[in-house]
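Q: This is a predicted model, with the sequence first.
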Amino acid sequence: MMTEIGKVFRELRQEKEMSLAKASEGVLSISQLSHFECGKGDLTIGKFFALIGNINVSINEFSDLLKKDETTLLLEQAGKLEQAGKIDELANLYEQERKKYRETSKKQDQLNIIALKSMLINYGKFERLTIIEQEILENYFYEIKKWKYSNLQFFAIALTQLDSQSIVFYLDNILEQDNLDNNLILMILRNAIYILAQNNQTEKVKFYLEKFKSLIPQIGNIEIGISYAVQEADLYEVSGNFREAISILEQIAKTYEEFYMPEKAKLYQEEIKKLQQKL
């Protein structure tokens with residue numbers, strides 16, 4: 001347990017870009033903190049609370065992160081690297097997990113490298129999954145009876161490697177389940193809608209768009225609302241209704257201007273120009 005606590009502390013410290021010296025200030029020596037992060041040292045309750053205070057984390061935040069399994073933490077780390085555009089670091093993480101799998105031969109470690117490879121395919125690091133990896137992926141999803149957080153994370157990442165029929169089958173199964181993380185469901189819906197729209201699955205795209213729309217008030221985030229509008233515009237573009245797509249993108253650009261985000265507004269204005277050339 002102490003190993004996991006130390007590992008979680010290290011991840012939080014690094015996420016906040018805080019040095020060992022800063023995090024240990026007034027509580028421990030640098031070497032003592034390093035030993036704790038590696039699971040080799042013990043701490044009193046008082047010193048532990050002082051340490052998490054140093055990195056500005058509440059005990060509730062720390063406890064929530066500690067409850068997450070290893071796969072969840074790995075995929076969250078991968079997602080952060082992807083969002084930051086650190087694809088080379090993501091590739092390094094993949095190599096680390098490959099090495100780990102060679103040492104352990106555990107099924108979950110094998111699934112983890114398939115998930116990371118699925119992400120890297122989107123950036124040209126690999127062409128596709130192997131036939132064996134594809135079969136492992138399909139079998140993994142097919143055997144899920146009750147979708148957990150880590151299952152949903154995995155699906156959100158790897159669904160890009162599934163065919164349309166499989167995406168619909170598993171996504172419909174997910175949506176029948178209650179008490180799921182809405183942010184994660186929105187991510188899955190967004191990714192699925194994009195792929196299905198590219199494959200002309202218009203009716204399912206409309207159905208999932210409505211589901212996406214119904215979840216927006218529960219999240220209350222402007223970016224989520226815009227994400228829905230972008231997907232709606234994509235659907236109109238795929239169906240050849242360029243005027244409707246342009247109309248939606250104009251509203252998005254206007255919204256970003258109103259919220260003083262000119263760079264994002266400019267991106268959509270460029271997209272509008274491209275669509276106008278298709279009229």
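A: Received, thanks. Numbering: from 1, shown residues only.

Q: what's the burial count for Q96?
A: Other residues near Q96 number 13, with proximity taken as other CB atoms under 10 Å. Bear in mind the C-beta positions are built from the backbone N, C-alpha and C, glycine included.

Q: Mark out where each domain of the chain begins and ends.
A: Listed by the TED database, the domain ranges of the chain are 1-67, 69-144.

Q: Q134 touches Q161, doesn't it?
A: Yes - under the criterion of CB atoms under 8 Å, Q134 makes contact with Q161 at 6.9 Å.

Q: if you count what's nearby, which of those two comes out ahead?
A: Neighbours per residue (other CB under 10 Å) separate Q134 from Q161, with Q161 holding more: 21 against 15.

Q: least reliable of the domains of the chain going by mean pLDDT?
A: Comparing the domains of the chain by mean pLDDT, the weakest confidence falls on domain 1-67, with a mean of 83.

Q: any idea how far L186 lies from E257?
A: For L186, the distance to E257 equals 25 Å [CB to CB, to the nearest Å].

Q: More neighbours: which of the two?
A: Legend: neighbour count by other CB under 10 Å for L186 and E257, higher for L186 (21 against 15).

Q: if I look at the spatially most central residue of the chain, how far off is L73?
A: With distances taken as CA atoms, centre = their mean, G79 lies nearest the centre of the chain, 4.5 Å away. In this structure, G79 and L73 are 11 Å apart, going by CB to CB.

Q: Save the domains of the chain as JSON lines, and put in distance to K274 too.
A: As requested, the domains of the chain are exported to JSON lines (distance: least, CB to CB, whole Å):
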{"stretch": "domain 1-67", "distance to K274": "37"}
{"stretch": "domain 69-144", "distance to K274": "22"}
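
Q: for these, which one sits closest to N241?
A: With CB to CB as the criterion, N241 lies closest to domain 69-144 of those, at 27.3 Å.

Q: circling back to that earlier point, contact partners for the residue nearest to the centre of the chain?
A: Counting by CB atoms under 8 Å, 6 or more residues apart in numbering, G79 touches I157.

Q: Now it: which helix or strand?
A: With elements delineated by DSSP states H and E, G79 resides in helix 70-83, which encompasses its position.

Q: Then I216?
A: Taking DSSP H and E as the definition, I216 sits inside helix 202-219.

Q: For that helix, list every residue counted as buried.
A: Within helix 202-219, the residues that qualify as buried are K204, V205, F207, Y208, L209, F212, I216, counting by 16 or more other CB atoms under 10 Å.

Q: now the last one: how far from E223?
A: What that stands for is I216. As judged by CB to CB, I216 and E223 stand 10 Å apart.

Q: repeat for the fifth one
A: With distances defined as CB to CB, the gap from L209 to E223 amounts to 17 Å.

Q: So L120 sits against Y94, correct?
A: Yes - with contacts counted by CB under 8 Å, L120 reaches Y94, the gap being 6.1 Å.

Q: Which positions in stretch 24-42 come out as buried?
A: S24, V27, L28, Q32, L33, S34, F36, E37.

Q: start to end distance for that stretch?
A: Between the start and the finish of stretch 24-42 there is a gap of 14 Å, counting by CA to CA, to the nearest Å.

Q: before we move on, back to that, so which of the buried residues of stretch 24-42 belong to helices?
A: S24, Q32, L33, S34, F36, E37 (DSSP state H).

Q: Next, the contact list for L180, please.
A: For L180, the contact set (CB under 8 Å, 6+ apart) comprises W147, L152, I174.

Q: correct me, but the first one touches I174?
A: Yes - shown here, W147 and I174 form a contact pair, counting by CB under 8 Å, at 5.4 Å.
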